[in-house]
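*Asks:* Predicted model follows, preceded by the sequence.
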Amino acid sequence: MKTNIVLLGPPGSGKGTQGEKLGQELGFVRLSTGDMLREAVRNGTPLGLKAKEYMDSGALVPNDLIINLMKEKIASLEEGTGVIFDGFPRTVEQADALGSQIDVDLALNLDVDDQELVNRLTKRRTCPKCNAVYHLAYKPPVKEGICDKCGSDLYQRDDDREETVLNRLRVYRDNTMPLIEYYSKKGTLKTIRGLGNIEEIFDEVRKTVL
Ligand code: AP5
């Protein structure tokens, strides 16, 4: 079984949704840089204060901040822990930094069309407390506006407004798409079509990992 897994794919491709399910099923830790940064912004930490402006516009947070954050997280894990990296690495510099600390066994790339990505992101709702993710049409909460898991009020992420989503897609193409070739050359890339039912996609994800 692969134990160090990088989830690749554009914003809205389902990295969080599939990563959460995979983490629960395998007992792996999911490290999401997006969740960590949003928490830092909410808590007003020095990292959060620096990251907010970049995140609000859909730009990437500078490499040095992210690399330091992840180095500390990885160093704090118990040896042998299975890890799912969600949203990291996002640049070749980040991928090199990760590769210098651990061996990536699998880079799993979720492939989804732009039109569907915009539809998913603009109708996404997120829990500020437990980071659970919903969609107004595809995965609505049982009670409108309330998180099924912890009962908090759901919100729309600032960067899920259409204009910012379009910028995030441009940023993805320019900075993160090169990682598809990067991991392909290392022989660890697998691409899965990320369109369709969440459970069917998860079956494919599971087959690729096990
Ligand atoms: P981050 O939070 O990582 O955002 P992202 O990569 O843009 O990914 P998303 O969380 O938007 O989407 P996802 O692929 O996880 O999809 P999800 O499962 O939620 O990063 C945010 C910002 O932080 C960045 O813009 C940047 O500023 C900064 N940042 C983070 N990491 C960084 C790094 N390494 N370097 C520099 N800066 C960094 O699904 C989306 C929606 O679709 C949901 O509503 C879901 O319910 C729905 N859905 C999922 N699957 C399906 C399906 N199969 N069918 C229908 N709907 C579905």
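*Replies:* Perfect, thanks for sending it. Residues are numbered from 1 along each chain as shown.

*Asks:* Within range of the ligand, give me the residues from the chain.
*Replies:* 9, 11-17, 33-34, 37, 54-55, 58-61, 66, 87-88, 90, 94, 120-121, 124, 133-135, 138-139, 159, 168, 196, 198, 201 (Cβ under 6 Å from any ligand atom). All C-beta atoms are positioned from the backbone trio N, CA, C, and that covers glycine.

*Asks:* Most proximal residue of the protein with respect to the ligand?
*Replies:* Nearest to the ligand in the chain, going by Cβ to the nearest ligand atom, is Gly34, at a distance of 1.9 Å.

*Asks:* tell me the contacts of that residue?
*Replies:* 16, 86-87 (Cβ atoms under 8 Å, 6 or more residues apart in numbering).

*Asks:* Of those, grab the buried ones for ChimeraX.
*Replies:* Here is the ChimeraX command that selects the buried residues among those (16 or more other Cβ atoms under 10 Å):
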select :16,86,87
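
*Asks:* any idea which of the contacts of Gly34 is the one closest to Lys129?
*Replies:* Gly16 (15.2 Å; Cβ to Cβ).

*Asks:* what's the nearest residue to the closest one if we skip its chain neighbours?
*Replies:* Val133 (5.4 Å; Cβ to Cβ, 6 or more residues apart in numbering).

*Asks:* For that neighbour, grab the count of nearby residues.
*Replies:* 17 (other Cβ atoms under 10 Å).

*Asks:* What residues are bridge-paired with it?
*Replies:* Beta bridges link Val133 to Thr126 when assigned by DSSP bridges.
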